[in-house]
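Trainee: Model the structure of this input:
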Amino acid sequence: MSTFAASDTPPALPNRAPWGTATALRAWQQGALEEYFRTGPRDFLAVATPGAGKTTFALRLAAELLHRKIVARITVVCPTEHLKRQWADSAARVGIKIDPEFKNSQGRTAKDFQGVAVTYAQVAAHPALHRNRTETLKTLVILDEVHHAGDGRSWGDAIREAFEPAARRLSLSGTPFRTDINPIPFVLYEEGPDGIRRSRADYTYGYGPALADGVVRPVIFLAYAGDMRWRTRAGDEITASLSDPLTQDQTSQAWRAALDPKGDWIKQVIAAADRRLTEVRRGVPDGGGLVIASDHESARAYAKMIREITNTKATVVLSDDPAASRKIKQFSASEDRWMVAVRMVSEGVDIPRLCVGVYATSTSTPLFFAQAIGRFVRARKRGETASVFLPSVPTLMGHAAEMETERDHVLDRPVREDGLDDDLIAEANRQRDNPDVGEELAFETVEASATFDRVVFDGGEFGMTAAPGSPEEEDFLGIPGLLEPDQVAQLLKQRQAEQLAAQRRSKKGEAPTEEDHTAAEDLHALRKELNNLVGAWHHRTGQPHGVIHAELRKVCGGPPSAQASSDDVRKRIAKIREWAARPMPRVRD
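Mentor: Residues are numbered from 1 along each chain as shown. You can find the predicted model right below:
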């Protein structure tokens, strides 16, 4: 059957696939399919939050196009070798044979395969070969996590060359934004009233709607601050707290000291995360935890800590380990408690039982953060929650507060003059991870200890500073692992009310009053409003969230955000609204 014009009435789409599987589509998947066949496009960009089921949607669409003889071959392009096999396994379950072992040196694959799965790097190495394969038969190209096609101009050019002749192209992404301005191939950019070009998706299903539908889990972020002391290359000793207003270099060094296996901070946070995992497993018996590390040496050290804390062995997955895919698959099918990985499990890898995470990496870009958190949000049944432990660093706190923000890829962003560019930060992180590159921030950790700082949930902040192992910390670590989002919010407000009451009252054991609960709810609403305003100011000016919070605190006075009172927060809200009312200076050409 040939394709149809956009004005034609498309054939009816049953909620079951043509191969007869009993699996029904989710509402968003059905809606995206209907939108696709309503227009019959050559290019289609589907943006859906991690864990929503993009693979299922893509394979259902592929089956329909094969069934209608609109295409005769499928090429899946994905970021990693592991994802090639994951795509092939998923396709096999619905009757589509995909070869994940195809190599450029082969030139062709066996006749019993309906397509191949390759990596972006593989295509970039020989674009002419893949163009020839695309031209030979009518091909559907599925570009998984398509933002990777913009990883470099040479990659983008190779993807365009290889797949320009494709009959159909389906681009998928859970995070369709990049920190650079390299255009993503086959993505449509539209210029807005402000003269800035932004990517446009054909169908979008964000985290907020997915959370409301029960497709993804609510995420509780547990932030830990603490005191760090380190010695610079010049021999100077510096002491700082993660919760203090710090310069960019000081923040980077304090953050690195916190993650250093030689200090106690990361050990205390992993121990807290394991206690949280124990609580979660009361309702989710096979719940697993993942520590995302910055480098191989740290990953091995964290695994050793887990062994000492839990008396059980953690699965370690390293990027240069040829057995990485097998280890991920075995962990996914087991009931083991912990996995430690270096970036390997940051994107696309499907381990639905992951419920608890430790963000033990210095990578700070919003793209990586969203991908990493995406590993924990896939819901299997209503009520499961995800808990992610992270350093109380302003950049990460901003990302956590904006979980539900939908982003587009912006091509014409203004050049920032504050020196805090995500590209430069990412490059610095890569340099610190590379043993062949001199350490720009060389230093020795002397001491690092953790303190519980706060919980971030649904854009609001809860809790007060507490020592590791204290009853105040346990109040939040003991939140049940099976709760609906509104129940999570209510319980967090209740815990915060109890802490506020304990602070204000001299008599121990006195129950909080209704006035205390009202005060806690008011403080939650005010903190959420302030975070939203800071996020808006960040997008308007390009200033990092931490810089904005620090400036507000400097101008208005008062303690850090987590300890600020309602009156403190109101003053900061008024001040940032005052800033927003002023006209912005024109950007110089």
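
Trainee: going forward, measure contacts between C-alpha atoms and count neighbours the same way
Mentor: Will do.

Trainee: Point out where the stretch 51-200 of the chain drops to low pLDDT.
Mentor: 150-153, 175-182, 194 (pLDDT under 70).

Trainee: rerun that using 80 as the cut-off
Mentor: 148-154, 175-183, 189-199 (pLDDT under 80).

Trainee: now the helices for it?
Mentor: 54-67, 81-93, 120-125, 127-136, 153-163 (DSSP state H, counting those that start in this stretch).

Trainee: Map the structural domains onto the sequence of this structure.
Mentor: 27-212, 219-404+420-498, 499-581 (automatic domain parsing).

Trainee: could those be laid out in CSV, adding mean neighbour count?
Mentor: Listed next are these as CSV, based on neighbours: other CA atoms under 10 Å:
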stretch, mean neighbour count
domain 27-212, 19
domain 219-404+420-498, 20
domain 499-581, 17
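
Trainee: Give the bridge partners for the nearest residue to residue 99 once chain neighbours are set aside, please.
Mentor: Spatial nearest neighbour of residue 99, chain neighbours left out: residue 116 (4.5 Å); criterion: CA to CA, 6 or more residues apart in numbering. Beta-bridge partners for residue 116, by DSSP bridges, are residue 75, residue 99.

Trainee: Not counting its neighbours along the chain, what's nearest residue 315?
Mentor: Nearest residue to residue 315, sequence neighbours excluded (CA to CA, 6+ apart): residue 339, at 4.5 Å.

Trainee: Revised request: answer the last question for residue 109.
Mentor: In space, residue 109 is closest to residue 102, 6.6 Å off (CA to CA, 6+ apart).

Trainee: any idea how far the one you found lies from residue 77?
Mentor: Remark: distance between residue 102 and residue 77 (CA to CA, to the nearest Å) = 12 Å.

Trainee: can you check residue 63 too?
Mentor: Residue 63 sits 17 Å away from residue 77, going by CA to CA.

Trainee: shared neighbours of residue 102 and residue 77, which are they?
Mentor: Shared contacts of residue 102 and residue 77, defined by CA atoms under 8 Å, 6 or more residues apart in numbering, are found at 117, 118.

Trainee: Residue 453: helix or strand, and which one exactly?
Mentor: strand 443-457 (DSSP states H and E).

Trainee: any chance you could read off phi and psi for the residue nearest to residue 315?
Mentor: When read as degrees, to the nearest 10, the backbone of residue 339 gives phi -130, psi 140.

Trainee: Test for you: state the pLDDT assigned to it.
Mentor: The model reports residue 339 with a pLDDT of 96.

Trainee: and it, what is it in contact with?
Mentor: If you count contacts by CA under 8 Å, 6+ apart, residue 339 has them with 288, 289, 290, 291, 303, 314, 315, 316, 317, 331.

Trainee: Is it bridged to anything, and to what?
Mentor: Beta-bridge partners, per DSSP bridges, of residue 339: residue 290, residue 315.

Trainee: so residue 548, which of the three states?
Mentor: Of the three states, residue 548 takes helix under DSSP: H, G, I helix; E, B strand; the rest coil.

Trainee: quick one: contacts for it?
Mentor: 534, 538.

Trainee: now it: how far from residue 575?
Mentor: Counting by CA to CA, the separation of residue 548 from residue 575 is 11 Å.

Trainee: again with residue 493
Mentor: Distance from residue 493 to residue 575, by CA to CA: 26 Å.

Trainee: that older thread, as TSV, the helices of the stretch 51-200 of the chain with distance to residue 378 would be great.
Mentor: Converted to TSV, these look like this (distance: least, CA to CA, whole Å):
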stretch	distance to residue 378
helix 54-67	12
helix 81-93	16
helix 120-125	25
helix 127-136	33
helix 153-163	30
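
Trainee: how about the residue nearest the centre of the chain, secondary structure?
Mentor: In the chain, the centroid-proximal residue (CA atoms, centre = their mean) is residue 370; its distance is 1.8 Å. For residue 370, the secondary structure call by three-state DSSP comes out as helix.

Trainee: Could I get the full set of helices for the stretch 351-500 of the chain?
Mentor: Using DSSP H, counting those that start in this stretch, helices in the stretch 351-500 of the chain cover 366-373, 394-401, 422-433, 471-477, 485-504.

Trainee: Right, I'll leave it there.
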